[in-house]
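Undergrad: how would this look folded up:
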Amino acid sequence: MFGIPGKQAVTLTPAAARQIARLMARDNTQGLRIGVKKGGCAGMEYTMDYVSEVNPLDAVVEQDGARVLIAPMAQMFLIGTEIDYETGLLESGFQFRNPNVAEACGCGESIKFKETPGA
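TA: Residues are numbered from 1 along each chain as shown. Got it, this is the predicted structure:
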């Protein structure tokens with residue numbers, strides 16, 4: 001595990017926890033794995049996949065029946081992130097409020113992280 005002892009790496013809003021738990025039950029999965037990969041116009045993109053098994057190196061956040069697994073390579077980029085689920089007239093989806101993001105693309109799907117010391 002990483003981050004601050006006794007504190008979860010990411011937090012879920014009640015709406016996000018409900019949606020993740022609902023999808024886990026519907027698809028009989030072990031949780032939602034979140035990662036990051038190179039891509040998009042700002043340089044990085046979030047990845048989200050429902051998985052059937054937990055990787056022992058994943059950081060695990062459990063809340064209200066929802067389980068979020070944070071891929072090892074994404075852990076340092078997601079510390080302090082709040083995950084929400086928003087429903088709108090034209091689209092619905094997960095939203096990331098990540099204090100580590102320096103800028104985001106206009107499409108909302110591509111991000112650039114703040115420089116880390118020594119990187």
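
Undergrad: What mean pLDDT does the helix or strand hosting Phe96 get?
TA: Using DSSP states H and E, Phe96 falls within strand 92-97. The pLDDT scores in strand 92-97 average 89.

Undergrad: Report the buried residues of that strand.
TA: Buried residues in strand 92-97, counted by 16 or more other C-beta atoms under 10 Å: Phe94, Phe96. Backbone N, C-alpha and C define where each C-beta goes, glycine included.

Undergrad: next one: stretch 49-62
TA: Tyr50, Val51, Asp58, Ala59, Val60, Val61.

Undergrad: Distance from the helix or strand harbouring Arg18 to the middle of the chain?
TA: Assigned by DSSP H and E, Arg18 belongs to helix 14-27. Centroid separation between helix 14-27 and its chain, computed with C-alpha atoms, centre = their mean, to the nearest Å, is 14 Å.

Undergrad: who does Val68 bridge with?
TA: For Val68, the beta-bridge partners are Leu32, Val61 (DSSP bridges).

Undergrad: give me every residue that touches it.
TA: Taking C-beta atoms under 8 Å, 6 or more residues apart in numbering, we find Val68 in contact with Val10, Leu12, Ile20, Gly31, Leu32, Arg33, Ile34, Val60, Val61, Glu62, Ile83.

Undergrad: My guess is Asp27 contacts Tyr50. True?
TA: Yes: counting by C-beta atoms under 8 Å, Asp27 does reach Tyr50; the two are 5.7 Å apart.

Undergrad: quick one on the thing from earlier: show residues contacting the strand holding Phe96.
TA: With C-beta under 8 Å, 6+ apart, strand 92-97 has contacts from Ala16, Gln19, Tyr46, Met48, Thr81, Glu82, Ile83, Asp84, Tyr85, Glu86.

Undergrad: what's the angle from that strand to helix 14-27?
TA: Counting by axes from the mean of the first three to the mean of the last three C-alpha atoms, to 10 degrees, strand 92-97 lies at 130 degrees to helix 14-27.
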